[in-house]
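Asker: Take a look and give me a structure for this.
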Amino acid sequence: GVGYSDLSDGNKNWNDLYTRGHFNLRPGSTLHWSLGRQRHFGESGAIGGLTLVQDLSPDWYALVGASGGGANFQNRYRVDAGLYRKWGEDRRWVTGLSLMHAASGDHIHRDNALRASAIYYAPQGYVAEGGISFNRSNPGSVWSTRVYGAATFGQAKKHWLSLRLEHGQEGYLPVALGSAFPTNVRFRSTEATIEWRQWVGRDWGYVVGGQLYRNPYYRRAGVTAGVFFDF
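Answerer: The predicted model follows:
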């Protein structure tokens, strides 16, 4: 797929190319992968990642992941690990805790985060999710907190509508080399996203989406479009 975002306050627009997917290594083990090319704030960089999701029992599963990019505004590397528990007779509730460590592409900033989340798979066919994250950024030991909520409606092999809203604090603002923004710390921002995934045939379809983001320094409005295949 591709993405484009328009930024306010004289900032250069964003352009993105991405490809991602997942496949089952064996029953209970799924590998997710992603590759992309991003041009943000006038600087370009490639980014990629791998995440393994592993069933531990009928009630527990875990994930471990690593990703990294080559541009100043991207994470030079990021690692994630999480543990999740299914609840209820039908295991429709899932709660989890995850940890994240990242080093910025500017070779200065680092982040450590803890996220708690809860997911509900409703028998009517929708999925609801919410969570909170606590992040510590360095230098300066800047603490920030964010909350999010998301919902997905639809049916596999037909269509999905996904909505997400996230709000809270950010420790530092990732930008390209030479910008004056990185000295501004612990500011508030809000991001809303919408995505429509439509199956056209049995094994393929298209996806379109939109994003709105706002912080004290600029606003961003974006669109994405892509094609997906099932094998």
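
Asker: Show me what stretch 211-228 is in contact with.
Answerer: Here stretch 211-228 makes contact (C-beta atoms under 8 Å, 6 or more residues apart in numbering) with 1-9, 11, 14, 16, 18, 170, 173, 181, 184, 187-193, 195, 197, 204-210. Glycine gets a C-beta too; all of them are placed from N, C-alpha and C.

Asker: List the buried residues in the helix or strand harbouring Gly222.
Answerer: Take DSSP states H and E as the rule and Gly222 turns out to sit in strand 219-229. By 16 or more other C-beta atoms under 10 Å, the buried positions in strand 219-229 come out as 220, 222, 224, 226, 228.

Asker: Low-confidence ranges, the chain, go.
Answerer: Applying pLDDT under 70 to the chain flags the ranges 175-184.

Asker: what about the strands in it?
Answerer: Ranges of strands within the chain are 2-7, 14-26, 29-40, 43-55, 60-69, 75-87, 93-104, 110-121, 127-138, 142-155, 159-170, 187-199, 204-214, 219-229, based on DSSP state E.

Asker: What strands line up against the strand holding Gly222, and which way round?
Answerer: Taking DSSP bridges as the criterion, strand 219-229 forms sheet pairs with strand 2-7 (antiparallel), strand 204-214 (antiparallel).

Asker: Just the CA atoms of that strand, as PDB, please.
Answerer: Provided in PDB are the C-alpha atoms of strand 219-229 (Å, rounded to 0.1, in the frame of the first residue of the first chain):
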ATOM      1  CA  ARG A 219      -1.600  19.200  12.400                       C
ATOM      2  CA  ARG A 220      -1.400  16.200  10.100                       C
ATOM      3  CA  ALA A 221      -4.200  14.800   7.800                       C
ATOM      4  CA  GLY A 222      -3.400  11.600   5.900                       C
ATOM      5  CA  VAL A 223      -4.900   8.900   3.700                       C
ATOM      6  CA  THR A 224      -3.800   5.300   2.900                       C
ATOM      7  CA  ALA A 225      -4.700   2.800   0.200                       C
ATOM      8  CA  GLY A 226      -3.600  -0.700  -0.400                       C
ATOM      9  CA  VAL A 227      -4.400  -4.200  -1.800                       C
ATOM     10  CA  PHE A 228      -4.300  -7.400   0.300                       C
ATOM     11  CA  PHE A 229      -4.200 -11.100  -0.600                       C
END
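
Asker: chain center to that strand, what's the gap?
Answerer: 13 Å (C-alpha atoms, centre = their mean, to the nearest Å).

Asker: now it against strand 187-199, angle please.
Answerer: 30 degrees (axes from the mean of the first three to the mean of the last three C-alpha atoms, to 10 degrees).

Asker: Going forward, the N-terminal residue is numbered 29.
Answerer: All right, first residue 29 from here; so that's strand 247-257.

Asker: Compute the inter-axis angle for strand 247-257 and strand 42-54.
Answerer: Inter-element angle recorded for strand 247-257 and strand 42-54: 40 degrees (by the same axes, to 10 degrees).

Asker: Residues in contact with stretch 38-49: which ones?
Answerer: 29-35, 60-70, 246, 248, 250, 252, 254.

Asker: Buried subset of those, written for PyMOL?
Answerer: Listed next is the PyMOL selection for buried residues among the contacts of stretch 38-49, using 16+ other C-beta under 10 Å:
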select buried, resi 29+31+33+35+62+64+65+66+67+68+69+248+250+252+254
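
Asker: Cool, thanks, talk later.
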